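Colleague: make a model of this:
(chains A and B)
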Protein chains: 2
Amino acid sequence: MTNVTIYDTTLRDGAQAEELNLTTQDKVRIAHKLDELGIHYIEGGWPGSNPTDGKFFDEIKHHTFENAKLTAFGSTHLAKTTPDKDPNLAGLLEAETPVVTIFGKTWDLHATTALGIELPRNLELIANSVAYLKARVDEVIFDAEHFFDGFKHNREYALEALAAALEAGADRIILCDTNGGTLTGEVGEAVKAVAARFPGASFGIHAHNDSELAVANSIEAVRLGASQVQGTINGYGERCGNANLCSVIPNLELKLGIGVIGAENLKRLRLTSNFVSEIANLRPFMRQPFVGSSAFAHKGGIHVSAILKDSRTYEHVTPQSVGNVQRVLLSDQAGKSNILFKARELGYDLDKNDPTVDRLLKELKQKESMGYEYSVADASFELVLREALGKPLDYFHFRHFFVVDAKREEDAEPFTEATVIVDVKGQQEHTAATGMGPVNALDRALRKGLERFYPRLGEIRLLDFKVRVLSGAVRDTGGTASFVRVLIETGDKTDRWTTMGVSHNIIEASWQAVVDAINYKLFKDESAEA
Amino acid sequence: MTNVTIYDTTLRDGAQAEELNLTTQDKVRIAHKLDELGIHYIEGGWPGSNPTDGKFFDEIKHHTFENAKLTAFGSTHLAKTTPDKDPNLAGLLEAETPVVTIFGKTWDLHATTALGIELPRNLELIANSVAYLKARVDEVIFDAEHFFDGFKHNREYALEALAAALEAGADRIILCDTNGGTLTGEVGEAVKAVAARFPGASFGIHAHNDSELAVANSIEAVRLGASQVQGTINGYGERCGNANLCSVIPNLELKLGIGVIGAENLKRLRLTSNFVSEIANLRPFMRQPFVGSSAFAHKGGIHVSAILKDSRTYEHVTPQSVGNVQRVLLSDQAGKSNILFKARELGYDLDKNDPTVDRLLKELKQKESMGYEYSVADASFELVLREALGKPLDYFHFRHFFVVDAKREEDAEPFTEATVIVDVKGQQEHTAATGMGPVNALDRALRKGLERFYPRLGEIRLLDFKVRVLSGAVRDTGGTASFVRVLIETGDKTDRWTTMGVSHNIIEASWQAVVDAINYKLFKDESAEA
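Modeller: Here you go, the predicted structure:
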């Protein structure tokens, strides 16, 4: 099959996602990252529709890109005016991009209901707008909005709209499943009709994920002749999002053998996905295909023993091909081989006959029976491992903590205060702090005592905090007297790590997790310096 | 097309998800919720593989279900033994379910590499195991593990494995895309070959989502004759998860017109999805098709003005059909009908023009912006509703609480003590209690003050306690200073109810939930007596 180009609309359609808000500078940084990945077209926004997009196009004129062409997005001209007087088309030209994309109505319902115009007039808007732009810009792409719905309801009119764009000089027409409701079989039927009606015309697909079919629909269109796929990184977009390029690209490249961004660039896929979610301040989706942290994580005992023999047994592609890594999760069935694998991952090469391994296994089993779950807390696991290896950490020694929460009728929130006593490098530190809650107060008091000795603790940020009541205990003793497990995710400028604590007492469980998080940070920095 | 049955494996394959850990009681509650949704088969687990699954099957024997058949899952017997001596098959029979599902190898690589046996011996394992079970259980389902990979690498052998199962009496064979790497076109080709080779045989599909194609592949199989789809709620499962039943079911029912669970049950889809994510203590995925909170949320200005004219313009199905709601972001329109719907559910028949509804809407909006999520805490919602209706509860009045946690080096757990002052029926009660943790101590002190006046509070048991840091707040202020939401589930002899609290301070949030739980109990008993 011939090559396929990728058209990224993360900065425009992606930014329509409910939880996504990008600044101009965010958009510039993402554009460069997309360029590095080898994306062919980057849709920067809709100039004139909002101030961020306007500023982006002003700024981006001063940047150069290796692979990607920048495109500006807008609509056909308003029915009440002409192309030369239309502010939207003027805004597109002012963006000075080598490519312009405009969308037009191809579903009769939309022309009459949303625009409130006659059907022939809508075809004029398409033809006039495309012709006007094509005389002034290198490349004009026509997005056939709601094409698949239009095709279902009034096939002839939908095809006429495509003909109007092509005859007016559009370089490529894009079949849009704007509402995301089209099944894969229906996409196939419509694409075949387009290919038959317009032989030689260049066409692409823009799918939404409302039926969880956007990736499948994009691939089906390519299989039937589409030469461009539009989508977004991580599938961000309005409602349920757009076709996820992080799945479309590796499926085309690795499964269908279609040249898209090339095998070398493909290894940057996970990095790009994480970069965009980080800039967008959105939690990465663990189960995301190809690039998610769970995508090559194995938990079941049978799966683990099989992948140790041959990773093809439970992996559809190699994690390396998309820049991801294989992970083996420790679980209550954790055997010796899981521990050895995990230790090796962390850089400890243990022999399976080493008595340390048996000691460690015994300790882990005992702790897991209390409710510790090391599969979700790598950093705490590493600290236990070091202890078993006879290399416990000794940055500070706990003496005492005391935390109080008091609330009177007239208070909106309780007053919270903690005191902590620890020995650090031969000195006793006794500190106190208030906090937004008891764990925050303890955390602040402890760090107050330590930061004088370990200033890099100032870089730590607590990213997430989760509590759950543990199995078994609940029914017997009642919720507030049960064992609880606290998971804390901590980060600094370069890393993220998860630690854990278990206790009847939520304060004690949180304290254990906080202490582990701080120890891990100190140990990690010391190892990096060594 | 004929009807299709749904086989849910949330409790088994879903529980393989990295972040999912379910207690026996969690599993029982989910099973009932699946039954209410109209699911046909519920796979409860792999008896003998771990203690939780064993306990689940012991417990579930005492429950009855309206729609669903319970199934136990396991593998073909071990190569070194015979069916009657195989502990795995014995465990399946001990589960005493009306249906048993076993998986067997159909990919030659797996037989030789993972099992380390000759290809003909693998066929014997399949035939022997199916025949042994079929003589003892009503219905036997054969999961053809890695069928699509097997079909690609050694088509004839993969089909022979299916034949072995069918000839030995399997009631249905399930084509599994275990590694999730198969493209939709390849699924179609393989399904056609199966339908041609085994005319009249009943077959289904079990797809994984590693290529983001699990929903598309499931639908393609149904289109070509499959009569069963296996999957999980929210697509939970090992690595990237399983086919998401929350998308498969509405696609079949609403798009292909295939009877699955029926239009009425379909309206429970969002509720079921939320229920499972809450029980699992996992953040719901906003952009999830059909059931996500963003699935019918409109942000773009053009989209909003069009849907106000005709919602078909940007919605592929009606949100009501799957129990979801249309939301217009940054608008007060959303929610009113939701509130009326919810109030009616609780027995309060409000008119939509009643000024109470506007007042309530405003209060809920404000509370939801702080992180309250009333969809999961019916009891707290009812208390807010009563307050808006001018009927607040007045069983006691809060004055003061004080709680302290102290731990010294030599203590295994902190010492915890709480004091509470409340006014009850004109008297001031000042009580103190110790506890296993601060919330337990507060809970005990409060009840000590109230039980003299309300002896039936002695019937209360706190069943579950969950804490989550709220999204958004995390990055800005750091985990231990973020807003947290506490959910408490409480029960007595006849009922269970869920209450909620939100605060920066976990003690305060827990206190709110405990107070709501006690108020709800008193109100409920009073209503029952009235």
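Colleague: tell me how many other residues crowd the closest residue to A:Ile39 other than its chain neighbours.
Modeller: Distance criterion CB to CB, 6 or more residues apart in numbering or on different chains; nearest residue to A:Ile39, sequence neighbours excluded, is A:Asp8 at 4.8 Å. In this view, the C-beta of every residue, glycine as well, is placed from N, C-alpha and C. A total of 28 residues lie near A:Asp8 under the criterion other CB atoms under 10 Å in any protein chain shown.
Colleague: quick check, pLDDT for A:Asp8.
Modeller: Note on A:Asp8: pLDDT of 98.
Colleague: same question, the one 4 residues further on
Modeller: At A:Arg12 the predicted local confidence, pLDDT, stands at 94.
Colleague: so where does A:Ala418 fall, helix or strand?
Modeller: Counting by DSSP states H and E, the element that carries A:Ala418 is strand A:415-424.
Colleague: buried residues in that strand?
Modeller: When burial is assessed from 16 or more other CB atoms under 10 Å in any protein chain shown, strand A:415-424 yields the following buried residues: A:Thr416, A:Glu417, A:Ala418, A:Thr419, A:Val420, A:Ile421, A:Val422.
Colleague: and the gap between the fourth one and B:Arg408?
Modeller: Between A:Thr419 and B:Arg408 the distance, using CB to CB, to the nearest Å, works out to 12 Å.
Colleague: where does the stretch 251-400 of chain A get nearest to chain B, residue-wise?
Modeller: When CB to the nearest CB is the measure, the stretch 251-400 of chain A has its nearest residue to chain B at A:His316, with 2.5 Å between them.
Colleague: so that residue sits in a helix?
Modeller: No. Secondary structure of A:His316, determined by DSSP: H, G, I helix; E, B strand; the rest coil: coil, with no helix assignment.
Colleague: just the CA atoms of the strand holding A:Ala418, as CSV, please.
Modeller: Coordinates of the C-alpha atoms in strand A:415-424 are reproduced here as CSV (Å, rounded to 0.1, in the frame of the first residue of the first chain):
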residue,chain,number,x,y,z
PHE,A,415,-7.5,23.5,62.9
THR,A,416,-4.7,21.0,62.3
GLU,A,417,-1.2,20.9,63.9
ALA,A,418,1.5,18.3,64.0
THR,A,419,4.8,17.9,65.9
VAL,A,420,7.6,15.5,64.9
ILE,A,421,10.8,14.4,66.6
VAL,A,422,13.5,12.8,64.4
ASP,A,423,17.3,12.2,64.8
VAL,A,424,19.2,13.4,61.7
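Colleague: show me what it is packed against.
Modeller: Applying 3 or more CB pairs under 8 Å, 6 or more residues apart in numbering or on different chains; DSSP states H and E, we find strand A:415-424 packed against strand A:397-408, strand A:427-434, helix A:438-451.
Colleague: so what strands line up beside the first one?
Modeller: In other words, strand A:397-408. In the sheet containing strand A:397-408, its partner strands are strand A:415-424 (antiparallel), strand B:397-408 (antiparallel), by DSSP bridges.
Colleague: quickly list the domain ranges of chain A.
Modeller: Taking automatic domain parsing as the reference, chain A has its domains at A:5-279, A:356-387+A:460-530, A:396-453.
Colleague: rank the ones you listed by pLDDT, which is bottom?
Modeller: Taking each of these in turn, the one with the lowest mean pLDDT is domain A:356-387+A:460-530, at a mean of 80.
Colleague: biggest helix in chain A, by residue count?
Modeller: helix A:506-529 (DSSP state H).
Colleague: is it anywhere near chain B?
Modeller: Yes. Using CB under 8 Å from any CB of the partner chain, a contact is recorded between helix A:506-529 and chain B, made by A:Ile506, A:Ile507, A:Glu508, A:Ser510, A:Trp511, A:Val514.
Colleague: ok, of these, which one's closest to A:Lys365?
Modeller: Each of the residues of helix A:506-529 next to chain B was scored against A:Lys365 by CB to CB, and A:Glu508 proved nearest at 21.9 Å.
Colleague: what residues are up against that closest one?
Modeller: A:Glu508 makes contact with A:Gly501, B:Asp405, B:Lys407, B:Glu413, B:Pro414, B:Gly437 under the criterion CB atoms under 8 Å, 6 or more residues apart in numbering or on different chains.
Colleague: what do you get if the cut-off is 7 Å, keeping everything else the same?
Modeller: Counting by CB atoms under 7 Å, 6 or more residues apart in numbering or on different chains, A:Glu508 makes contact with B:Lys407, B:Glu413, B:Pro414.
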